[in-house]
Every structure is written in structure tokens, then in C-alpha cells.
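1. starting from these lines, generate the structure:
(one chain, ligands or ions: 1)
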Amino acid sequence: MSSNESAEARLYYPPEEFVRQATISGMDAYKSLCDEAQRDYEGYWARLAREHVVWHKPFTQVLDQGEAPFFKWFADGQLNVSYNCLDRNVQSGLGDKVAIIFEADNGRVTKVTYSELLAKVCQFSNALKSVGVGKGDRVVIYLPMSVEGIVAMQACARIGATHSVVFGGFSAQSLRDRINDAGAVLVITADEQCRGGKNIPLKPAVDEALSLGGCESIRNVVVYQRTGGACNMVAGRDLWWHDAVQGQGDACEPEWVEAEHPLFLLYTSGSTGKPKGVQHSTGGYLLQAVLTTKWTFDLKPVDVFWCTADIGWVTGHTYITYGPLACGGTEIVFEGVPSYPDAGRFWKMIQDHKVNIFYTAPTAIRSLIKAAETNPVVHPRNYDLGSLRLMGSVGEPINPAAWEWYHRNVGGGRCPIVDTFWQTETGGHMITPLPGATPLVPGSCTLPFPGIQASVVDETGAEVPWGQGGILVMKKPWPGMIRTIWGDPERFRKSYYPADFQGKYYLAGDGAIRDRNTGYFTITGRIDDVLNVSGHRMGTMEIESALVAHPLVAESAVVGRPDELTGEAIVAFVVLRRSRPTGEEAKKIVAELQAWVGKEIGPIAKPRDIRFGDNLPKTRSGKIMRRLLRAIAKGEDITQDVSTLENPAILDQLKHGAG
Ligand code: PRX
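-> From the prediction side, this is the model:
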């Protein structure tokens, strides 16, 4: 078979029925959008911004490259994101339509219509204003998956406050760092969160964070009473959500903000230092959220959409809080976990709520495959999933075997799968199939979203031929992109517009390869010291810093190891300030260090495996040989040249875990 034929054989064409009703129908439609962007880049985005976003004051400027790479889009236009998501739908007759179907951890279902959601957002906006929060203030949101989480974010958008959501799984220390960096005036949290049948306290982490120092900018804490569990309220600082909204009117004039006004900050890990506050705009971000929801998810107001992400991550921002609501869809918001009460929960919820479009992460799919193999009762074939018409994947590469299983067993072989590549920094999808147009190849995110100028280059910035791996870059700015790193513009410039490419290209931080025949992109993984564990992004340096903060630890190096379930697993090599432990003692210290990292960063950062050595493998100039550590972590035989190694004997020590 020629290579051409083999590429053909792996293609999954969009089903005709899907193509007929798709918003972007057929490859010609896709290509004509790409051509339009090619001919007149600014004209293309301006047309879409006028057609898909409601402006209070129309823009006359499109892309401003004056202070590159601090690009501006639609800068003289004014709008409000919450108006675009709520008022617009109510005014166009969707007021009584269900906006959110909330399913609690215990299975209780609550439905909220667009009119009700608008009223809740206005009330909470008025409550925020009554405690002195206004345009430009930063508000930290540390809430579980809830209607209130979405209301809090939308209310910030409504009054022009900039939200910074912190995932509920992050520790008090991480929360403190984010509050401190953002200079936030208010924290919104809950007494407890409910996950997997357990009530987990949340408010104590806020109390601890605020007691650590460096959070003096915080004036108030608003607490949503989720469970009624014990909750310490600090007089004069803390107030209950229900008291704050009591007596507040259910109308609130939106604050019209400039298109470049920061809608939100979202902290994410990089290869160096503390997490960085990715700053997003209002106008360009909203355009990207709306367009990708309409084109990648083919979402129409009749659809029931379910994105299983948490609002603590960018996926929850763009494809729960903003995109689906701006498109007038009905969406599921799920409080719980996929494994409770059993691993059939997702399939049961798709069946119960007649979900049409389902978006989840490869790690979840892989864990549900495993569960279905061990317990046939929770296999998707036992549920009626006939309502599904489209499925998506995000956050990490999806291995072809998991893709095929998802396609066959969940989608019944009839639903396209959109494997969407994007990042916290990109605001929305960047490389993704359009389901009514793009033939699919399992494991490939296929082609750039229309208008996005993705390319694969070498270290000098020269494009590499198809079939050859390289560095993924974006050759032109796009509306939804990161605007800066909060408080650190130089770090923004250096991280994303490095001098290697003369500051011209956006560096995604991933490697990629384009198929020799189709030009389809496959992401080959991060090229920096960032790990992807269950679709969660973690910096190795952050984990190393957390480890060396422990009094016992002298030095550490953290690497990733491929893992069948979680994509990557964290492996830490540690040198202690005392002799190298073995046996039971080593196990005890491993457990202590794991718990320590959980407390310093959050449970998602806990190393799976910790190895002790008298030293780390270093070159004679003292550089840690990470490539060697990666090989050891994988259990590979060391075939690499170790002649530059200062201390080859320690390799043997590091090969063995603590039991
Ligand atoms: O390495 C890529 C991987 O996740 C990184 C972005 O992580 P984060 O900012 O947390 O956003 C995740 C949700 C958008 C990327 O640099 N990644 C994301 N989507 C894919 C992916 N890798 C392969 N295929 C994808 N579809």
C-alpha cells in the first residue's frame, strides 16, 4: 500500500446527515472562509465581529499592531459580555428557554432559564456593587461547579470587574499566591463542595490563604452556602451570598467596557517561576468563544451541550460560562465526578438530559474505558445515547485507540469527534476539525480554525516540510489571544514572542508534525518543562520549588513519565539533607513529601513516584541531565552517552522507587 492509500484508509468522513444541517457545511465552505482570511485578514475578523457580537459602540479599528506583541483588537468598540450572553437572548425571545441544567453530585437537578439567569446575575452584580466592587477591580472566585460559579463570573463581567477563577483543587498557598499577584479586592467562595458523595470544606482554605499574609488588598469574602456545614465567618469581612443578594434589584445596567478591557485573568503554569496570570480581553475573546462554539461545536439554540470541564480551567470559561450562553444554547453544569455513584454517570446523564453535544478530556475517556472493561454494567452500550450528534476532546493528545472506542461505543459510530487543540493563552480552539466539513483522523487535531495561521517551524523560524516534526507557532495575532501576563509584560514578550523568531511568531510551547499528504496537524507534546497530567498543566519547576521548601529536601528534579491513564505521571528525584532512606523509612518520607506537595500546590501536583539519590545526575558543569532522568523514570535502559556525567554511580540508586 502506498503512503497515500494508508492516509486515506484512516479518514472518517462527516456523515451526510450531519453535513446537511451543519453551520459550516463541507470542505468548500471551510476553504472559502480560510481564503477570505487570506485575502483580507482584518476584514475577515471585522465582518465576523460585527455579525456575531453585539456592540454598544461599534468599532472602527480592527487590529492594532502598534505596540507588538501587545496587540489590540477592535480597540475603540464598547460592549459587555454578560449582555451578549444573557440580555441578548432574553430580548430575542429565549427568556423562557432553559440556559442551565444543573445536576448536583447527589443527582438532584435544577433548571435555570435565561430570564432567571439574567435576574440572578443582575442581583449578584448589585450585591458586588454594594460592597464597593467596580470596573477594573479583580475578584477571585474559588467556587465548586455550580450555577453560582457562572453567576459570579457573569456578574463580574457585567460590572466590568476582572475575575480570576482559582480551581477548587488548589491549596490555600496557591490561592494566596494568586490573590496576591492579582491584588484582588474580593474572594467569592462556598462553605463546602460536594464531590463523589463527600462534602469537602472550601472556606477554610480561604481563611488560611488570607492569614498567610500578602492578601491585604482583600476587603470582603462572599460565601455561598452549599451544604450548611460548619463555616467560620469573620465579622466585618465575610458575608453570606444569600444575605448579599437579599433585597437587591433584579435589573442592573451593564457596564459598557472597551473591547480591550480585561475580562479575566487565569493563572497557568509555565516552564519557569510561579504560575502566570494570563490576561484576556473582552471583545476579541468573546468573538473567539462565540465563533468556535458555533463552528466547532455546531451549536444551535435547540441543542443541549455538555462540557465536563471545571470552571477553574480555561475550558470551563470559554465552553461553559461564555460560549454556549452567548449562542443561546442549553447546557449541563455538573457538580460531581465521572465515577460516582458509578462509572456510568456520564452515560446516564447524557441519556437523562438528551445531550446532543458532549465535550470531555481523553483522561476521562480512558478511565471510563477501563471501568467499562472491568464492570460491564457501566459500559456505554447499556445506556441510550441516541441523542448525541457530536463529541469533542480537549486538553491532551487523544490516543487513536481511545478515539476509536469513544467513536464506536459512545457516539454509536455516527458522531464526528472534534479533537480541539488550544491553550489557556489562546482563548478558544486553534486547530480543530469542523464537524460538518473536515474528514477526521484519530489522534490528529486536523486543520487550523478558519483565520488561524498555524505553522510548524524549526529553531530559526523557517517552516519545516510536511512530515517533519518541529515547533508549533501562530504566524499572526488572532482576536482571542492572551493580551499580556498580569503585572509582567516582559515575561509575556519573552515567553510567547521570543527573539529566536525575531518576535514575529507566537510560540505555543508544543511540538507538532503535519501529515505528509493531508497537512493535518498532530501535536507531539510540550517542548518546555511543562507536564500534562490528566489534561492539567503543571510546571516541573513549581513542583521542584514545593519539594525543596520541605525542611528535609536539599535538591529535586521533576520529570514526566508517559502514563496509560493520565497521559503523563509526575516523577520526582530527590536528594535529602540526610542519608538516603531505604525500605519502610523511604516509604514514609515519600508519603510525607506527597502530602507536602498537595498542601503547597494542590493534590493534582502530587508526584506519583519519588526516588531518592545521594545526588542527581549532573554534567561536570553542574547541569542536571533531565533527559537521563526521563529515561530512568520510564524504566528504560540507559543507552545514552553518560561520559559527561560527573557521578555515574547514582544512576543505579535512582532506578529504584521506594517500594
Ligand atoms: O500541550 C497542549 C495540550 O494542553 C496544553 C494547554 O493546556 P491548558 O492551557 O491547560 O489548556 C487546556 C485546555 C485547552 C497545550 O499546550 N493540549 C490541549 N489540547 C490538546 C493538547 N494536546 C494535544 N491535543 C489536544 N487537543
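
2. contact partners for residue 95?
-> Counting by C-beta atoms under 8 Å, 6 or more residues apart in numbering, residue 95 touches 89, 113-115, 118. Where you see a C-beta, it was placed from the backbone N, CA and C, and this is true even at glycine.

3. next, give phi and psi for it.
-> phi -50, psi -40 (degrees, to the nearest 10).

4. I'd assumed residue 310 was in contact with residue 167.
-> Yes: using C-beta atoms under 8 Å, residue 167 is in contact with residue 310, at 6.1 Å.

5. keep only those of the contacts of residue 95 that are in helices.
-> Counting by DSSP state H, these place 89, 114-115, 118 in helices.

6. nearest to the ligand among those residues?
-> residue 89 (25.5 Å; C-beta to the nearest ligand atom).

7. so whatever residue of the stretch 251-400 of the chain ends up closest to the ligand is in which element?
-> The minimum distance from the stretch 251-400 of the chain to the ligand, using C-beta to the nearest ligand atom, falls at residue 397 (4.0 Å). In the assignment (DSSP states H and E), residue 397 maps to no helix and no strand.

8. wouldn't it be in contact with residue 363 here?
-> No: Residue 397 sits out of contact with residue 363 when judged by C-beta under 8 Å, with a separation of 10.8 Å.

9. intersection of neighbour lists for these two?
-> What both residue 397 and residue 363 touch, as defined by C-beta under 8 Å, 6+ apart, is the set residue 567.

10. ok, residue 478 - contacts?
-> 45, 284, 288, 426, 430, 451-453 are the contacts of residue 478 under C-beta under 8 Å, 6+ apart.

11. ok, now residue 515?
-> Residue 515 is in contact with 7, 441, 444, 466-467, 522, counting by C-beta under 8 Å, 6+ apart.

12. top of these by neighbour count?
-> Neighbour counts for these, by other C-beta atoms under 10 Å, peak at residue 444, which reaches 25 neighbours.

13. one step back: any chance of a markdown table for the contacts of residue 515, columns secondary structure, pLDDT and distance to the ligand?
-> Converted to a markdown table, the contacts of residue 515 look like this (DSSP: H, G, I helix; E, B strand; the rest coil; pLDDT from 0 to 100; distance: C-beta to the nearest ligand atom, whole Å):
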| residue | secondary structure | pLDDT | distance to the ligand |
| --- | --- | --- | --- |
| 7 | helix | 45 | 19 |
| 441 | coil | 97 | 13 |
| 444 | coil | 97 | 9 |
| 466 | coil | 98 | 18 |
| 467 | coil | 97 | 19 |
| 522 | strand | 98 | 8 |
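
14. look up phi and psi at residue 139.
-> Main-chain dihedrals, residue 139, degrees, to the nearest 10: phi -120, psi 120.

15. and the host helix or strand of residue 141, average pLDDT?
-> Element membership for residue 141, per DSSP H and E: strand 138-142. The average of the pLDDT scores along strand 138-142 is 98.

16. now swap in stretch 179-194 and tell me
-> Confidence for stretch 179-194, expressed as mean pLDDT, is 98.

17. kindly report the same for stretch 391-408.
-> Averaging pLDDT residue by residue across stretch 391-408 gives 97.

18. then stretch 16-31?
-> 98.

19. ends of that stretch, what's the gap?
-> End-to-end distance for stretch 16-31: 19 Å, by C-alpha to C-alpha, to the nearest Å.

20. likewise stretch 103-116?
-> End-to-end distance for stretch 103-116, by C-alpha to C-alpha: 17 Å.

21. check stretch 531-544 too.
-> Per C-alpha to C-alpha, stretch 531-544 runs 13 Å from first to last residue.

22. how distant is it from the center of its chain?
-> 13 Å (C-alpha atoms, centre = their mean, to the nearest Å).

23. repeat that for stretch 266-276.
-> Using C-alpha atoms, centre = their mean, the mean C-alpha position of stretch 266-276 is found 13 Å from that of the whole chain.

24. may I have it as CSV, with CA atoms only?
-> C-alpha atoms of stretch 266-276 as CSV (Å, rounded to 0.1, in the frame of the first residue of the first chain):
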residue,chain,number,x,y,z
LEU,A,266,-6.5,32.8,34.6
TYR,A,267,-3.3,31.5,36.2
THR,A,268,-1.5,28.8,34.4
SER,A,269,1.9,27.0,34.7
GLY,A,270,4.9,27.9,32.6
SER,A,271,8.4,26.4,32.5
THR,A,272,9.8,28.9,35.0
GLY,A,273,8.7,30.5,38.2
LYS,A,274,5.3,30.9,39.7
PRO,A,275,2.1,30.4,37.6
LYS,A,276,1.4,33.4,35.4
